[in-house]
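Peer 1: Could you work out the structure for the sequence below:
(chains A, B, C and D)
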4 protein chains.
Amino acid sequence: MVKLRLLRVRNALVRECMAEFLGTFILLLFGCSAAAQMKTSRETKGQFLSVNMAFSVGVMSAMYLTKGITGAHLNPAVTLSFCVLGKAQWGRLVPYCLSQLLGAYMASGLVYLVYYDAIMDFSGGVLTVYGPNETASIFATYPSEYMTLGRSFLDQVVGTGMLMLCILCLNEKRNTPAPSELIPPIVAVIVLGISMSMSANCGGAINPARDLGPRLFTLTAGWGIEVFTCYNYWFWVPLVAPPIGGVLGSLMYLFFIEWHLPDPDPPMDQSSLATISDIIKQPTTTQENGQEFKAAYF
Amino acid sequence: MVKLRLLRVRNALVRECMAEFLGTFILLLFGCSAAAQMKTSRETKGQFLSVNMAFSVGVMSAMYLTKGITGAHLNPAVTLSFCVLGKAQWGRLVPYCLSQLLGAYMASGLVYLVYYDAIMDFSGGVLTVYGPNETASIFATYPSEYMTLGRSFLDQVVGTGMLMLCILCLNEKRNTPAPSELIPPIVAVIVLGISMSMSANCGGAINPARDLGPRLFTLTAGWGIEVFTCYNYWFWVPLVAPPIGGVLGSLMYLFFIEWHLPDPDPPMDQSSLATISDIIKQPTTTQENGQEFKAAYF
Amino acid sequence: MVKLRLLRVRNALVRECMAEFLGTFILLLFGCSAAAQMKTSRETKGQFLSVNMAFSVGVMSAMYLTKGITGAHLNPAVTLSFCVLGKAQWGRLVPYCLSQLLGAYMASGLVYLVYYDAIMDFSGGVLTVYGPNETASIFATYPSEYMTLGRSFLDQVVGTGMLMLCILCLNEKRNTPAPSELIPPIVAVIVLGISMSMSANCGGAINPARDLGPRLFTLTAGWGIEVFTCYNYWFWVPLVAPPIGGVLGSLMYLFFIEWHLPDPDPPMDQSSLATISDIIKQPTTTQENGQEFKAAYF
Amino acid sequence: MVKLRLLRVRNALVRECMAEFLGTFILLLFGCSAAAQMKTSRETKGQFLSVNMAFSVGVMSAMYLTKGITGAHLNPAVTLSFCVLGKAQWGRLVPYCLSQLLGAYMASGLVYLVYYDAIMDFSGGVLTVYGPNETASIFATYPSEYMTLGRSFLDQVVGTGMLMLCILCLNEKRNTPAPSELIPPIVAVIVLGISMSMSANCGGAINPARDLGPRLFTLTAGWGIEVFTCYNYWFWVPLVAPPIGGVLGSLMYLFFIEWHLPDPDPPMDQSSLATISDIIKQPTTTQENGQEFKAAYF
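Peer 2: Model (predicted):
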């Protein structure tokens, strides 16, 4: 078999950034190509629901690829929230975000390559942001016509807040933890739910990298500066609102749930049978210890 | 990280009410905003199915947030049924129900804030209960035109009965238990099934808090008293019928299944190895005993 | 709490029949009411897919209710196949089938009660088997106009064969077992798949009780003898074909997979540590043995 | 019960080929009959999404049937990738691929038999590749009109690459493994995601056997040589591109993730309690080592 472990990267940060890059790449590859499939087939081979579902599958796949390496942030708003919560180091914030952005940009490029013929056929070769043949919304998100600025900001805050509120409880042993090996599909279902309930107003980005990466790509690929200037320079909303929403959702979780959970577990009894039980039950013991430590941490 | 455990609430009932509040809040936030997404996009960004699915995701998320704290009732009909079954204390009934109601009310308010522009655009600024541009059904449930009162009462009784009948077996070790860490998604799927089969007649509330909270909100937010008076004061049906249905479904479960299960496990044998087995295998041993008994029983 | 265990049924067969009754009742209650929801709302509150999904949720719920008691047959074709395979006693065949039939009949009656207003509104009060306002297909299955008799027979044989072929492997420890606590949702997904692929021709009953129970109900409730005589007495096809298909699918499973699996596990080794290992690890040890054997086998 | 283990096949390769045959047969039986259901009902009993979902259920079912025997390749591109990665023996490549092809061919034949009446009714008895009444796309895949050759080649490379990239991580204990008993549904969800995002261009075969088997069947069943000659002999694309894509996706996984994971587990410690721990904890201990190393590594 291929034995190129000489290529192994020995710097942890680089490895983690590679994982965040790849995870966000896969997330966007699923999602944006599903959007291209819906759009270019004029909804005959996909609907709004199938695009939501494809983003959800992308979340699951990206999490299985990266969760053991970085925790599978895949979203600057999540990385920031984890930094605020003390679950990630502040030094990871900028490198992770840049990796996520790059992954989203590259995925958009690949979707464009794969769907180039379809996009040209659909749009008649004119890449626009407005009108019935617009194709910019395959990549980045744009607000509905009726949206005011403040409302769209609130929309992104609430959507991202729901995300953090719903995922922070999933591995809390003192509450109702999800099976740790099934957290990726469960988070994917939560993201699906947010897509089905919070994307009518302005596309439900809830992720600055998911939005800015494709927007930058469309800028470079021929859609023009309009992708940034349209709707009165609306593009900054999905960059600024999600991190705020993520932190607010996290605080809401702390306030309503986490602070009131029982105290950490007491130390286990050290009976004369400790040796056997150590050998036999190490994982459980480790896990229990883990709980103690985690519990002590917050 | 944030070290505000000084804010910790030391009263168990208050903590539990906070959890029920938050859980019902999240449930309604997913569900009603999905209904707003469908309605205001004129079904281009959501369908009846996606609303059902979003309520289902809301159930799952709310259960993971609260199941370890209160058992995740999220529904006065469930709380009452659990009280009748002896699984919850009667003293919890009123506080839980009020918390659920408040959570539903607050969630409706947030959905209104987020979808305000969309609702105004859709309805032309006129908030009504009837007609093609009605928006009241984003929040509370209303019966179909053809429904008689008795039939809609039966509809809510049956829907809630299905809910209790299907969820009571899920953690019964003497039958086919679901994995305890996956009960939230399984209950969510059951709720999805009920939404797909029992909501044509009158919206499938099967939950007094889910219906009254949003209805009160629409009363205060400008839809007017019609939300209560319409369809000949129909609003009391989803308040009264679900608790009755929940208790009937629970009794049906007891009658057909629970009463005939093997006796509870006897105390574990106290052999000379009891100490080891206590430390090491308590849950598994219990389970084995259960299985042995089941095998011996049939 | 309610302490009526005096009502406990002490005869195992009666208890099992009650479980099969309840399971089939729940299965049909989900499925037929979803069909009623789709039909009477003229597909605005349900589609073909949501009916398929509701039957699937019904399968899951019914299995959690009954699997620990009877194995959750819910289908005479499954009961017969299990008898042929030696997984169920022949003496159970007739009682189980009658219980399933009765459950399906009663569920149809309840669906009729709940959707009576809707059915009357949809059909104009005329209960028919043919035409645009027919409502018989809410309950039993009917073939498409173009079907020949032999083809519809084959359709039911193949559909039921797929069912048995796909479920028999799920708890085979020597192959790739599904988690035993998650077999209900996995079987539900398989049934969903069959509904999406094998129900265009003649409704995908693949279950004599699911078809005959509702058909008998419609006979007694006013649809008339036409429910049996229509399409040249076609009703016997979903009664006769599924059991044949179930047995053929089971044999196919045996021929392609089961007979070639490694031999059953030998008795566990009786080392001096047997007592401890018995107490501690019985299930895991068995599994390990199975794995070792598989490894040695290939 | 049936005791025909005399029919047991003692040659491992034959047994494995029987499993790959049956698995691919079931995969195509679900998928192509769902395509027939959608097509012949003119999308009243199925949509693009339900076909995608049926293929996904087929993947799950086929994996549960065969994963313990062959690893459930079901796809020549997967077999080739596993050979390149050293996870399968090169000697298995040709026999597996032929078995998969035969399974796909036989499944197409059965779908044709079951849906013969429906296909004749839909097409008016004329089996064609082009036009509104074409039925060839029930079986094999065909490109959209606007596709260029290179683009459709890229489409198949990317789709198959996504598949390999996303599934290779699922049982990696040093990262975030999926529960091994739930890998079939998780892979099924990944395949569903690819179907929803990569099938607008040319049908999303990503599997040479899934495409060539049905195409050969349609050739022999009356659709004529056009199934191969149409679109300028396009048929070779889904044969050649997927294996290339599978290998590229695998390499991408190695490059971004696998090579940077911690070293393989060292041999277990041989303490005086080794015998007990061997009997009791072998799998868990391995896992512990992996976790320790990961912890030490980051």
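Peer 1: Excluding chain neighbours, what is closest to A:Phe30?
Peer 2: A:Gly58 (3.2 Å; CB to CB, 6 or more residues apart in numbering or on different chains). (Glycine included, C-beta is placed from N, CA and C.)
Peer 1: Repeat that for A:Tyr253.
Peer 2: A:Leu168 (4.6 Å).
Peer 1: Excluding residues flanking it in the chain, which one is nearest A:Cys202?
Peer 2: Here the residue nearest A:Cys202, using CB to CB, 6+ apart, is A:Pro143, at 3.9 Å.
Peer 1: Report the secondary structure state of the one you found.
Peer 2: coil (DSSP: H, G, I helix; E, B strand; the rest coil).
Peer 1: what's downstream of the single longest helix found in chain A, the next helix or strand?
Peer 2: When chain A is parsed with DSSP state H, its longest helix is helix A:12-40. Going down the chain from helix A:12-40, the next helix or strand is helix A:48-70, by DSSP states H and E.
Peer 1: Next, the buried residues of the host helix or strand of A:Ala107.
Peer 2: Element membership for A:Ala107 (DSSP H and E) is helix A:93-114. Neighbour counts using 16 or more other CB atoms under 10 Å in any protein chain shown place A:93, A:96-97, A:99-112, A:114 of helix A:93-114 among the buried residues.
Peer 1: That helix and chain D in contact?
Peer 2: Yes: remark: helix A:93-114 sits within contact range of chain D at A:Leu110, A:Leu113, A:Val114, by CB under 8 Å from any CB of the partner chain.
Peer 1: Out of the residues you listed, which comes closest to chain B?
Peer 2: Using CB to the nearest CB, A:Val114 is the member of the residues of helix A:93-114 next to chain D that lies nearest chain B, at 24.7 Å.
Peer 1: That closest one is in contact with D:Gly150, isn't it?
Peer 2: No: contact criterion CB atoms under 8 Å: A:Val114 and D:Gly150 do not qualify, at 11.0 Å.
Peer 1: And what about the closest residue to A:Met120 other than its chain neighbours, helix, strand or coil?
Peer 2: Spatially, and ignoring its direct neighbours in sequence, A:Met120 is nearest to D:Tyr146 (7.6 Å; CB to CB, 6+ apart). The local conformation at D:Tyr146, judged by three-state DSSP, is coil.
Peer 1: neighbours around D:Tyr146, how many?
Peer 2: 14 (other CB atoms under 10 Å in any protein chain shown).
Peer 1: relative orientation of the helix or strand hosting A:Pro214 and helix A:48-70 in degrees?
Peer 2: For A:Pro214, the host element (DSSP H and E) is helix A:208-218. With axes from the mean of the first three to the mean of the last three CA atoms, to 10 degrees as the basis, helix A:208-218 and helix A:48-70 are set at 110 degrees to each other.
Peer 1: Enumerate every residue touching the closest residue to A:Met38 other than its chain neighbours.
Peer 2: Sequence neighbours aside, A:Gly46 is the residue nearest to A:Met38 in space, at 3.5 Å (criterion: CB to CB, 6+ apart). Contacts for A:Gly46 were tallied using CB atoms under 8 Å, 6 or more residues apart in numbering or on different chains; they are A:Ala34, A:Gln37, A:Met38, D:Phe48, D:Leu49, D:Met196, D:Ala200.
Peer 1: where does the last one land in three-state SS?
Peer 2: At D:Ala200, secondary structure determined by three-state DSSP is coil.
Peer 1: For it, grab phi and psi.
Peer 2: phi -70, psi -30 (degrees, to the nearest 10).
Peer 1: my guess is A:Tyr115 contacts A:Ser33, does it?
Peer 2: Yes: between A:Tyr115 and A:Ser33 there is a contact under CB under 8 Å: 6.7 Å.
Peer 1: Could you confirm whether the helix holding A:Ala107 reaches chain B?
Peer 2: No: on the criterion CB under 8 Å from any CB, helix A:93-114 is out of touch with chain B, staying 14.7 Å away.
Peer 1: Might one say that the residue nearest to A:Tyr253 is in contact with A:Glu258?
Peer 2: Yes: under the criterion of CB under 8 Å, A:Leu168 makes contact with A:Glu258 at 7.5 Å.
Peer 1: residues in contact with the one residue in the stretch 51-200 of chain A that gets nearest to chain D?
Peer 2: Chain D sits closest to A:Val57 of the stretch 51-200 of chain A, with a gap of 2.9 Å, by CB to the nearest CB. By CB under 8 Å, 6+ apart, the residues touching A:Val57 are A:Phe30, A:Ala188, D:Val189, D:Ile190, D:Leu192, D:Gly193, D:Met196.
Peer 1: Can you name the residues that contact the closest residue to A:Phe217 other than its chain neighbours?
Peer 2: For A:Phe217, ignoring the flanking residues on the chain, the nearest one in space by CB to CB, 6+ apart is A:Ser108 at 3.7 Å. By CB under 8 Å, 6+ apart, the contact list for A:Ser108 reads A:Leu28, A:Cys32, A:Phe139, A:Gly213, A:Pro214, A:Phe217, A:Thr218.
Peer 1: Mind picking the one among the residues you listed that's closest to chain D?
Peer 2: A:Cys32 (8.2 Å).
Peer 1: any idea how far chain C is from the residue nearest to that closest one when sequence neighbours are not counted?
Peer 2: Closest residue to A:Cys32 apart from its sequence neighbours, by CB to CB, 6+ apart: A:Val111 at 4.4 Å. Noted for A:Val111: a distance of 27 Å to chain C, by CB to the nearest CB, to the nearest Å.
Peer 1: just to revisit the earlier point, turn the contacts of A:Gly46 into JSON lines, columns for pLDDT and neighbour count.
Peer 2: What follows is the contacts of A:Gly46, written out as JSON lines (pLDDT from 0 to 100; neighbours: other CB atoms under 10 Å in any protein chain shown):
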{"residue": "A:Ala34", "pLDDT": "97", "neighbour count": "31"}
{"residue": "A:Gln37", "pLDDT": "97", "neighbour count": "30"}
{"residue": "A:Met38", "pLDDT": "97", "neighbour count": "23"}
{"residue": "D:Phe48", "pLDDT": "95", "neighbour count": "22"}
{"residue": "D:Leu49", "pLDDT": "96", "neighbour count": "20"}
{"residue": "D:Met196", "pLDDT": "97", "neighbour count": "33"}
{"residue": "D:Ala200", "pLDDT": "96", "neighbour count": "26"}
